[in-house]
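1. Sequence first, then the predicted structure:
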There are 6 protein chains.
Amino acid sequence: MRHTAIYPGSFDPLTLGHLDLIERAAHIFDEVIVAVGVNSRKQTFFSAAERLEMVKASVKSIKNVKVDSFGGLLVDYARSKKVHVLLRGLRAFSDFEYEFQMALANRKLAPGIEAIFLMPKETHSYISSSTVREIVDRGGDISQFVPPPVKKFIVKKYSVPRFRAKCDS
Amino acid sequence: MRHTAIYPGSFDPLTLGHLDLIERAAHIFDEVIVAVGVNSRKQTFFSAAERLEMVKASVKSIKNVKVDSFGGLLVDYARSKKVHVLLRGLRAFSDFEYEFQMALANRKLAPGIEAIFLMPKETHSYISSSTVREIVDRGGDISQFVPPPVKKFIVKKYSVPRFRAKCDS
Amino acid sequence: MRHTAIYPGSFDPLTLGHLDLIERAAHIFDEVIVAVGVNSRKQTFFSAAERLEMVKASVKSIKNVKVDSFGGLLVDYARSKKVHVLLRGLRAFSDFEYEFQMALANRKLAPGIEAIFLMPKETHSYISSSTVREIVDRGGDISQFVPPPVKKFIVKKYSVPRFRAKCDS
Amino acid sequence: MRHTAIYPGSFDPLTLGHLDLIERAAHIFDEVIVAVGVNSRKQTFFSAAERLEMVKASVKSIKNVKVDSFGGLLVDYARSKKVHVLLRGLRAFSDFEYEFQMALANRKLAPGIEAIFLMPKETHSYISSSTVREIVDRGGDISQFVPPPVKKFIVKKYSVPRFRAKCDS
Amino acid sequence: MRHTAIYPGSFDPLTLGHLDLIERAAHIFDEVIVAVGVNSRKQTFFSAAERLEMVKASVKSIKNVKVDSFGGLLVDYARSKKVHVLLRGLRAFSDFEYEFQMALANRKLAPGIEAIFLMPKETHSYISSSTVREIVDRGGDISQFVPPPVKKFIVKKYSVPRFRAKCDS
Amino acid sequence: MRHTAIYPGSFDPLTLGHLDLIERAAHIFDEVIVAVGVNSRKQTFFSAAERLEMVKASVKSIKNVKVDSFGGLLVDYARSKKVHVLLRGLRAFSDFEYEFQMALANRKLAPGIEAIFLMPKETHSYISSSTVREIVDRGGDISQFVPPPVKKFIVKKYSVPRFRAKCDS
């Protein structure tokens, strides 16, 4: 039996914490599918295409990891892939609460699908995508929070002049 | 002395968790007033009229429960009804924190009015209005999360084609 | 219909927070029974008789409050009194967790009995019986933490010389 | 590759929540080892032999589950079994905190070993071994909290007269 | 050596809780700089100029407190002032989580800068700027939540007729 | 004005997390007094003399740090030293709750004394004295959890044969 797990998220953007989790999962499961959530009505900082590109660039060296995107309900996507293990990271208490509610709601929607949780490296526990976006927004250095391909992508997109302008306004 | 309690909320929409709480309260108090908060500046998924309609349809068989709406401060509404017991549900920790702050702020605004808390059935503890809205938004089945009248209302409003379109976009 | 609530606890000893809750409950219910838990196998700082005496002395001026003691399961005691409302205080998160588990376990044991929760005055939220015991143990002044009858009782029991000895040892 | 996970615990006693987790794990992994912690210096309600017996009787019908006991450090035991996945349940916040600290400490002691977390059925989330012990201690009925073999074992050990005596004292 | 601490925040608006913290800090440090965060892209209820004016009016009698504003990253601002102590208030759990993440992220961005935390008076623990904004929005009395200069400013800005209109809509 | 802070604790034993906090405090304050709590009635793993010895050996190279011991109430000790700043570490939520209650209780007992909180390095956030004691008790390696002098002390005290015996029993 081949063991596959889906790691869903918005990855807006992918952080070192996400990457750490993907690497851990790749040691436990035969295959890990990183599934980027695409919801045209939910506003994100980076577009779906940008988020996918950053995830792909960051995990390309891990050979049992695939990257995909999905819309609609996560459990419908999992069923379409015939995968019954969903993977989520637990960094902190607020994560726990939200994850707990989602896991139980998903279990009602799809009883055979199970959520399992992993803890990222403690040095990454304080990193959230929203912290990264805030630092980007204020023109700070995100080298210690995101993988090199994500940093490269963001630096290219947001040139220095733009940040200057933003902070002076 | 007649014991009345007000159960305020936005009920956007009413869930099985809310209904469970109303039923429990109806066993403790002589009368329960479900008070739908109406605030023209706070954006809701369902309109005030829709939320009221769904609540009324869901509780009509419980004879000591009334449905009403209110604007402005909750404590002013309670005083106008001569009721000094406010009822709130506690599902989880995040509820607790917010409720704690609101209860203490209300106590300052109206010292004679007391907030009491009930816990919903544990099988409903993971259900929140926002989870329901998210499932509706993604075209999922909400039968296990809301009372039949709420489901009927939502299905009528959001016809299948619209969800298809949404998910494909 | 007469509304009665049972407020159970070990009251080891009764604090100003407990007393505040009893006063609030006495405004909501027709009758409040303060039920001191007596469990010969659970070690307490004060004996059952001492705890009962301190509670009785502290609430004697509130006319719709009775004091009683109980052994065995709380829900069995409530049934024997024909009361279906249990009252508990919520000061903080750790309370919440424990109370949540007990309320759900009791609901399984006795489905008709409901737990409701009140929040004490915020100036009492930091007071716990264990804090009081620790201050007593270190010879500190507990005037701001317990009702006068409790303080009087404790001062009488633990004379100053004993504390001196304790702290020097 | 055969996927094995170790589910360690004191199981003092095994509850329906533990059993639910074992069943979930048995669907995700090829083999699950339930490892009963045996520490001569930590006081338990049931002896190591009793706890092992109750676990074995409760899981005997799940064919890919084995029961074992271990002393010393959990990570040493895992290494001796050549298993690198530890399974833990997350019922509530207090679990989370303790589990978080243990997972990170174990990761330092044995970097290759990974802890993963599962959530039990929400109807079991309020059940803890300590709640069961407290109900046993007060002579209550534990049918809704433990598997039938555990109940049978406990009833046999603690005959009714003993509970009566306990509650009257 | 002169000990200076920066107390950053959006102060939207300044509450009695913030003021209590500033007074406590003024007793511990030789100088306290209250730094109002100005971020043109983050929407606030009161403008940067309004927030600054309210803070200045509220602290003018505390002689070792200065008021300033900053844009961009907080740690850059601290470095520009040659201050290495950041002061934050901890009222409740949700504060704790956010503060924890920000403190650790800031530590990565600027290793020499340290965050320290103070707890406000317990009678102010339930007061948040968002609660104040909500009460203002519903036409309630904020006298017990903000310092007199803040109340005066808000009353002047939001005349009674406007609230009436809002609540009737 | 000379700024001094007292860092109280039982240090049973001192961990790398404690040491990290002491080093941070030594950068903020002119002098830091590490105060080992000595309470003859509270059972500790290491004796008061052993705890003092381990703390002294671990901080001897930090020149503005002194080590002392105290009995009775912490606030009485602080007053006797004419210090009005108490320093505490916040690693996690459970810390927060306990610290919050103690800080507010101490404030009642001694209004002029202020508690301030620091966060240890995130790589130390999972280390608690009780985790260290548990690993010692099970014969594990504590090198990554305590400073070298503490490890040396413990290894000398608990020789390998003893652990073997313990685990086999």
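-> Sure thing, it's come through.

2. Which is the succeeding secondary structure element to the helix or strand hosting A:Ala57?
-> For A:Ala57, the host element (DSSP states H and E) is helix A:48-59. Note on helix A:48-59: by DSSP H and E, the next helix or strand toward the C-terminus is strand A:65-70.

3. Please work out the average pLDDT along that next one.
-> What strand A:65-70 shows for mean pLDDT is 97.

4. follow-up on the earlier one: buried set for the helix holding A:Ala57?
-> Neighbour-count burial for helix A:48-59 flags A:48, A:50-59 (criterion: 16 or more other Cβ atoms under 10 Å in any protein chain shown). For glycine as for every other residue, the C-beta is placed from the backbone atoms N, C-alpha and C.

5. Against which helices or strands is that helix packed?
-> Contact analysis of helix A:48-59 by 3 or more Cβ pairs under 8 Å, 6 or more residues apart in numbering or on different chains; DSSP states H and E lists helix A:16-28, strand A:31-37, strand A:65-70, helix A:148-157 as its packing neighbours.

6. next SSE after the third one?
-> On the C-terminal side of strand A:65-70, the closest following helix or strand by DSSP H and E is helix A:74-80.

7. Just confirm yes or no for the following helix or strand past that following helix near chain D.
-> Following helix A:74-80 in sequence order, the next helix or strand is strand A:85-89 (DSSP H and E). Yes. With Cβ under 8 Å from any Cβ of the partner chain as the measure, strand A:85-89 is seen reaching chain D through A:Val85.

8. Strand A:85-89 and chain B, are they touching?
-> No. Using Cβ under 8 Å from any Cβ, strand A:85-89 never reaches chain B; the gap is at least 14.6 Å.

9. what angle sits between that strand and helix A:16-28?
-> Using axes from the mean of the first three to the mean of the last three Cα atoms, to 10 degrees, the direction of strand A:85-89 lies 140 degrees away from that of helix A:16-28.

10. A:Val32 touches A:Glu23, doesn't it?
-> No. Here A:Val32 does not reach A:Glu23: they are 9.3 Å apart, not a contact under Cβ atoms under 8 Å.

11. Comparing those two, which shows the higher neighbour count?
-> Between A:Val32 and A:Glu23, A:Val32 has the larger neighbour count (other Cβ atoms under 10 Å in any protein chain shown), namely 28 against 15.

12. how close does A:Gly9 get to B:Arg79?
-> Distance of A:Gly9 to B:Arg79, computed by Cβ to Cβ, to the nearest Å: 47 Å.

13. Show the contacting residues for A:Ile6.
-> By Cβ atoms under 8 Å, 6 or more residues apart in numbering or on different chains, A:Ile6 lies in contact with A:32-33, A:35, A:74, A:77-78, A:81, A:83, A:85-87.

14. higher neighbour count, A:Gly9 and B:Arg79?
-> Each of A:Gly9 and B:Arg79 has its neighbours counted (other Cβ under 10 Å); A:Gly9 has more, 18 against 15.

15. Which other helices and strands does the longest helix along chain A contact?
-> Assignment by DSSP state H gives helix A:93-109 as the longest helix of chain A. Other helices and strands packing on helix A:93-109, by 3+ Cβ pairs under 8 Å, 6+ apart, are helix A:74-80, strand A:85-89, strand A:114-118, helix B:93-109, helix B:129-137, helix D:93-109, helix E:93-109.

16. okay, the helices and strands packed on helix A:48-59, which one's buried deepest?
-> Neighbour counts (mean count of other Cβ atoms under 10 Å in any protein chain shown) averaged over each of these peak at strand A:31-37, with a mean of 23.

17. contact partners of that one?
-> Here strand A:31-37 makes contact (Cβ under 8 Å, 6+ apart) with A:2-11, A:22, A:25-26, A:48, A:51-52, A:55, A:59, A:64-71, A:74, A:77, A:81, A:83, A:87.

18. May I have the strands that pair with that strand, each with its orientation?
-> According to DSSP bridges, strand A:31-37 forms sheet pairs with strand A:4-9 (parallel), strand A:65-70 (parallel).

19. Quick one: closest of the ones you listed to B:Ser40.
-> When the strands paired with strand A:31-37 are compared by Cβ to Cβ, strand A:4-9 sits nearest B:Ser40, at 35.7 Å.

20. what is the orientation angle of that closest one with helix A:129-137?
-> Here strand A:4-9 runs at an angle of 50 degrees relative to helix A:129-137 (the same axes, to 10 degrees).

21. before we move on, the earlier item: could you dump the strands paired with strand A:31-37 to JSON lines with distance to F:Asp141?
-> Formatted as JSON lines, the strands paired with strand A:31-37 follow (distance: least, Cβ to Cβ, whole Å):
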{"stretch": "strand A:4-9", "distance to F:Asp141": "32"}
{"stretch": "strand A:65-70", "distance to F:Asp141": "33"}
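
22. Relative to B:Ala103, which of these is closest?
-> Closest to B:Ala103 of these is strand A:4-9 (Cβ to Cβ; 35.0 Å).

23. between the closest one and helix A:48-59, how big is the angle?
-> Angle, strand A:4-9 to helix A:48-59, by the same axes, to 10 degrees: 130 degrees.

24. Distance from strand A:4-9 to the middle of the chain?
-> Using Cα atoms, centre = their mean, to the nearest Å, the mean C-alpha position of strand A:4-9 is found 10 Å from that of the whole chain.

25. Report the backbone C-alpha coordinates of it in PDB.
-> Only the C-alpha atoms of strand A:4-9 are listed here, as PDB (Å, rounded to 0.1, in the frame of the first residue of the first chain):
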ATOM      1  CA  THR A   4       0.000   9.600   0.300                       C
ATOM      2  CA  ALA A   5      -0.800  12.700   2.300                       C
ATOM      3  CA  ILE A   6      -2.200  16.000   1.100                       C
ATOM      4  CA  TYR A   7      -0.800  19.200   2.600                       C
ATOM      5  CA  PRO A   8      -3.400  22.000   1.800                       C
ATOM      6  CA  GLY A   9      -2.900  25.700   2.400                       C
END
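
26. ok so, going back, including distance to B:Val146, could the helices and strands packed on helix A:48-59 go into TSV?
-> Compiled in TSV, the helices and strands packed on helix A:48-59 are given as follows (distance: least, Cβ to Cβ, whole Å):
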stretch	distance to B:Val146
helix A:16-28	33
strand A:31-37	24
strand A:65-70	25
helix A:148-157	39
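
27. Poorly predicted segments of chain A, please.
-> When residues are selected by pLDDT under 70, those of chain A lie in A:1, A:92-97, A:159-169.
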